[in-house]
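K.L.:
Predicted model, plus sequence, below.
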Amino acid sequence: MFTGTVAALLCATLVTVLMVTLDRFTVGALTEEVAAAGKRVATQMGQGRLQYPLADHPHRNIQVVDARGAVVASTPQLQGKPAMTTFMPAKVATTVVCGGVFPSGQCDIVVAQRVHRGAEHWIVYASSPTISPWVDPQLAALIGGAVALLAVGITYLGNRVATASLRPVRAISSELDEINAACPNRRVPVPPTDDEIHDLATSVNHTLSRLHTALKQQRQMVADVSHDLRTPITAIRAEVEDALYAPQETSVTRLGKTLMGGLDRLQAITRDLATMAKLDSGAPDVREPIALSTLVATELRARRTTKRIEHALDPEVWVAGDCSQLARLLASLVENAERHASTTIKVTVRKQPGDPSDDQRFPDGVAVLEVLDDGSGIPPHQRELVFQRFTRLDAARTRDAGGAGLGLPIARQIAEALGGTLHIEDSPRGARFVLYLPILAVTRSS
């Protein structure tokens, strides 16, 4: 409907422009012919003789008017009639006269030319009926019909082109309606054309691939959380059932101590899930200047551990961040080191110059936090694996040795949220976790 309306308007404009242009062209040509006929008579008068008939066209009229305004010669149609007009041209002038000596309702183009006859100025008037704006009814009908057919053709072709162009869109829409959680691996068809629809289909497929990956991660997360929650819940249930079956063999104190381990594990899992959900949501956090060495020293003093912790803390290392998040990051690294260290954990805080050409995230330098244990270490090919959620290496699969598999992923996510990085780097012995954060250019007094 829209295409037809636009085509009709454009074709109507086209036919109007064509007819107006044709009308002006024919009127101009007719005026030149009338002026030429009058000039011919004026030339004859200058030579002292007139040749009859004055006009060689049946619809053309010519009058010769003397200096007193009397008609001295005329074509037969105007014989005995006064001058067709009374205006006096300086040399040559053109006007349109309606009625008067002409038939009622008829307008003529009149060209007046001044002629010198002796000492007098005579005038030669030449006229011809004006041309209809549509020149010729048959020609107008022919042009109008051709334009109407053109409008119909444009509408038909426009609909065909639009239908063909939108066919891939309908296929994409139909496929999207069929895709759901039961078949997330389906993709929309990509047309072979090199156009915007091809780019749209490609972008939709990329989006579907990311959603599929996120869905798989979510399902895997649900399965892993269920597994990690089932273990302590099963243990707690077993202890409670044993206490109910043999109440004389236990006490509230003993039962409470037994259940506390499982409850601690449940609390840690739920705490990690809440932290992970907050980080995933991208909720803005409060950034404030933090003395990294002071925070690390405070957290290490508050920890109870059976391993020896050695530290070397540069006091002039400032970063911008959230104290609770940095404390959570440090706790994850130290807890991981405690599980795998043989005897000693080394914690180092220092600053080093940053090269903006290497990494634009560290324009003022780098704050470095290292946590090194003297355990068996992590093979290079598994160093990125430990930062995946719910991933625990084979040596840490038991409930006592391993956590829920969320501590290190959360630590890296916090590091990235603060504009830094967290990696495992080479060390002579054990695992060496290195945190890089943008250093904050402030002084102690600030």
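P.N.:
Okay, I see it.
K.L.:
what residue ranges in the stretch 1-150 of the chain score low on pLDDT?
P.N.:
1-4, 131-140 (pLDDT under 70).
K.L.:
Which residue ranges of it form helices?
P.N.:
2-46, 137-178 (DSSP state H, counting those that start in this stretch).
K.L.:
following the last one, which helix or strand comes up?
P.N.:
Following the chain from helix 137-178 toward its C-terminal end, the next helix or strand by DSSP states H and E is helix 196-245.
K.L.:
can you give me the offset of the next helix or strand after that next one from its chain's centre?
P.N.:
Note on helix 196-245: by DSSP H and E, the next helix or strand toward the C-terminus is helix 252-281. With C-alpha atoms, centre = their mean, to the nearest Å as the basis, helix 252-281 stands 45 Å off its chain's centre.
K.L.:
between helix 252-281 and helix 196-245, what angle do the directions make?
P.N.:
Interaxial angle of helix 252-281 relative to helix 196-245 (axes from the mean of the first three to the mean of the last three C-alpha atoms, to 10 degrees): 170 degrees.
K.L.:
Pull out the buried residues from helix 252-281.
P.N.:
255, 258-259, 262, 265-266, 268-269, 272-273, 275-276, 279 (16 or more other C-beta atoms under 10 Å). C-beta here means a position set from N, CA and C on the backbone, and glycine is covered the same way.
K.L.:
among those residues, which two are most distant?
P.N.:
Of all pairs drawn from the buried residues of helix 252-281, the greatest distance, 36.2 Å, lies between Leu255 and Leu279 (C-beta to C-beta).
K.L.:
Am I right that Ala331 is in a strand?
P.N.:
No: Ala331 is assigned helix when assessed by DSSP: H, G, I helix; E, B strand; the rest coil, not a strand.
K.L.:
How about the contacts made by it?
P.N.:
299, 407 (C-beta atoms under 8 Å, 6 or more residues apart in numbering).
K.L.:
what do you get for Pro353?
P.N.:
So Pro353 contacts 365-366 (C-beta under 8 Å, 6+ apart).
K.L.:
and the gap between it and Gly420?
P.N.:
For Pro353, the distance to Gly420 equals 16 Å [C-beta to C-beta, to the nearest Å].
K.L.:
next one: Leu14
P.N.:
66 Å.
K.L.:
contacting residues around the nearest residue to Ala126 once chain neighbours are set aside?
P.N.:
Counting by C-beta to C-beta, 6 or more residues apart in numbering, Ala126 lies nearest to Gly38, which is 3.2 Å off, once chain neighbours are set aside. Residues in contact with Gly38 (C-beta under 8 Å, 6+ apart) are 62, 111-113, 124-126.
K.L.:
Okay, and which of those map to strands?
P.N.:
Taking DSSP state E as the definition of strands, the contacts of Gly38 contribute 62, 111-113, 124-126.
K.L.:
any chance of the residues you listed in JSON lines, with distance to Val188 and neighbour count too?
P.N.:
Conversion of the ones in strands among the contacts of Gly38 to JSON lines gives the following (distance: C-beta to C-beta, whole Å; neighbours: other C-beta atoms under 10 Å):
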{"residue": "Ile62", "distance to Val188": "80", "neighbour count": "27"}
{"residue": "Val111", "distance to Val188": "73", "neighbour count": "24"}
{"residue": "Ala112", "distance to Val188": "77", "neighbour count": "26"}
{"residue": "Gln113", "distance to Val188": "78", "neighbour count": "21"}
{"residue": "Val124", "distance to Val188": "81", "neighbour count": "25"}
{"residue": "Tyr125", "distance to Val188": "79", "neighbour count": "28"}
{"residue": "Ala126", "distance to Val188": "76", "neighbour count": "30"}
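K.L.:
So, low pLDDT: which residues of the stretch 251-400 of the chain?
P.N.:
For the stretch 251-400 of the chain (pLDDT under 70), the answer is 282-285, 354-361, 390-400.
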